[in-house]
Structure formats: structure tokens, C-alpha cells
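Visitor: Let's see this in three dimensions:
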Amino acid sequence: MTYCVGMLMKDGFVLAADTRTNAGLDNIATFKKLHSWAQPGKRVFGLATSGNLATTQGVVSLLTEGTQSLRKRGAVDNLFSAKTMFQAAQIVGRAVRDVQRTDEGQLFRSEDTFSASFLFAGQIGEERPRLFQVYSAGNFIEATNDTPFLQIGEHKYGKPILDRVSDPNMRLGEAAKLVLLSFDSTIRSNLSVGLPIDLLVYARDTLKLERVRRIERDDPYFQKLSSEWGKALRRAFADIEEFDI
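Guide: Numbers count the residues shown, from 1 in each chain. Got it, this is the predicted structure:
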């Protein structure tokens, strides 16, 4: 399994994904699940993936090949020719369906065979940054000011802090801190999610990817974040009066 989070703020967006995959307790591996594409000065995209690894890798490969191919001028059939983020999200959805159609002829169709979901964020030109969640069927929803974050994978452990604290007016550094705290809560409660964490922080209107990093197990900031958060929770618990029995 995995855990991915996307947060959309007025100043940009944050995407993060863990790297753990497992097919049982004795078959654990590390795979990159956060991918990005950019035409500096024109457009940037980030994609976090969860679910069947063969399906998600197939979708990423289709999208990458599309950006590397020469296409008819003006055609909206790859991420670098899309005119809006909505069109780009449609292209991701079509890639999901294309992979499923290609594989389902050789594989038995079951509920879990092609199960996959995606967080897709980016900015094209002067359009504002946008964040989408793309489902296995290829359809999608979009983050809003009322719900500025989206999650896929093992989301239940990291959701409470996002529900309480997330705000579209947050600074990018605050949002990145919140996302990492959400991961800390998830990692502590679920063995199927683990470090390293890939993190992408995008500043609105820069139209280039400058802040992409991997948070390793020995990362000093993440270690301090986890330790200080635990201490803060214990202090808050101690400060609340006991229940009167």
C-alpha cells in the first residue's frame, strides 16, 4: 500500500508520496511514486500514484512518452499540448483507461486487478495552480477552498490533522510541515507506509520545479518534527483537565 497527499494553497501546492510497496510482510520494496514533468516558463505537473504498481507505472510511462513525442501542432493529446489543467487531467484519465484496456485482454478482470488512483497537480501559463484526484475509472474531482487537500492510499491516519489545521492561505513551508506531520501519524500507525518520502513544493507562477527532495529515514528535520510533535501532544493532553468520574 502507500500514502499520498496533495495540498493546494493560494501560493502554490505541495505533493508528497511514500515509497513503500509490499506484497506481504516478507516482500517489501521501495518504488518512486511521485513523478513530475515540466516545460520551464510554460507549465509544470506533479503526479502521485497509489494502487496496483503495474497500472500506475504504465500510466506514468504513457504520459512520459506523450511529452517526448512529436505531435500535430495544436492537438490536445499530451501534457505538453494541453491548454488548461482540466484538459491535462482529462489526459491523465485517458491514460488510466488506456492502460486498463491494454492489459485486461491478458488478465482476469477483478475488482483489484487494475485498482489505482492518482493525485495530479500543476500550473499552465497564467492559469492558477490546480489539484485533482483521478480515480481508477479515469474520472476525477478537484480540490477547492473548502477542501484544499486530497489523499489517496492509507489516508485515515493522516486525515485528522489535515482536517483540523489545513488552510488554503497557509504559507508553503507551513503546508509542507503539515503534510509531513500527516505522514508521521500514518507511518506510526500503519506498517504498509514508510520512509523515504518524496516531497514536491511548487511556488505559484514560477513555472519551474525547484523544490523536490527525498526525506530519508535519517533526515534531521523529519526526526525533529516527529519528536517535537509527540512532545507537544503529550503537553496538550496533560494540560486538559481530567474527566470527572
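
Visitor: Could you give the separation between the terminal residues of stretch 126-141?
Guide: 22 Å (C-alpha to C-alpha, to the nearest Å).

Visitor: for it, which positions count as buried?
Guide: For stretch 126-141, burial by neighbour count (16 or more other C-beta atoms under 10 Å) applies to 129-134, 136, 138, 140. Where C-beta positions appear, they are placed from N, C-alpha and C, glycine not excepted.

Visitor: Can you pick out the most distant pair from these?
Guide: 129 and 136 (24.7 Å; C-beta to C-beta).

Visitor: Tell me which residue is most central in this protein.
Guide: For the chain, residue 48 is the residue whose C-alpha lies nearest the centre (C-alpha atoms, centre = their mean; 3.7 Å).

Visitor: Pop out the phi and psi values for that one.
Guide: phi -110, psi 140 (degrees, to the nearest 10).

Visitor: Specify the beta-bridge partners of the closest residue in space to it that isn't next to it in sequence.
Guide: Once flanking residues are discounted, residue 48 sits nearest to residue 4: 3.8 Å by C-beta to C-beta, 6 or more residues apart in numbering. For residue 4, the beta-bridge partners are residue 17, residue 152 (DSSP bridges).

Visitor: Name the spans of the protein whose pLDDT lies under the cut-off.
Guide: Along the chain, segments meeting pLDDT under 70 span 22-27, 70-76, 104-114.

Visitor: quick one, helices of it?
Guide: Remark: helices assigned in the chain by DSSP state H are 53-68, 85-104, 159-165, 172-189, 220-239.

Visitor: Need the contact partners of the shortest one.
Guide: Counting by C-beta atoms under 8 Å, 6 or more residues apart in numbering, helix 159-165 makes contact with 5, 7, 149, 151, 178, 181-182, 185, all of which sit outside it.

Visitor: For that helix, buried residues please.
Guide: Buried, per 16+ other C-beta under 10 Å, within helix 159-165: 161-162.

Visitor: The last one too?
Guide: Neighbour-count burial for helix 220-239, with 16+ other C-beta under 10 Å as criterion, is recorded at 222, 225-226, 229.

Visitor: Please apply the same query to the fourth one.
Guide: Neighbour-count burial for helix 172-189, counted by 16+ other C-beta under 10 Å, picks out 172, 174-187.

Visitor: Remind me what it packs against, helices and strands.
Guide: strand 3-9, strand 12-18, helix 159-165, strand 197-203, helix 220-239 (3 or more C-beta pairs under 8 Å, 6 or more residues apart in numbering; DSSP states H and E).
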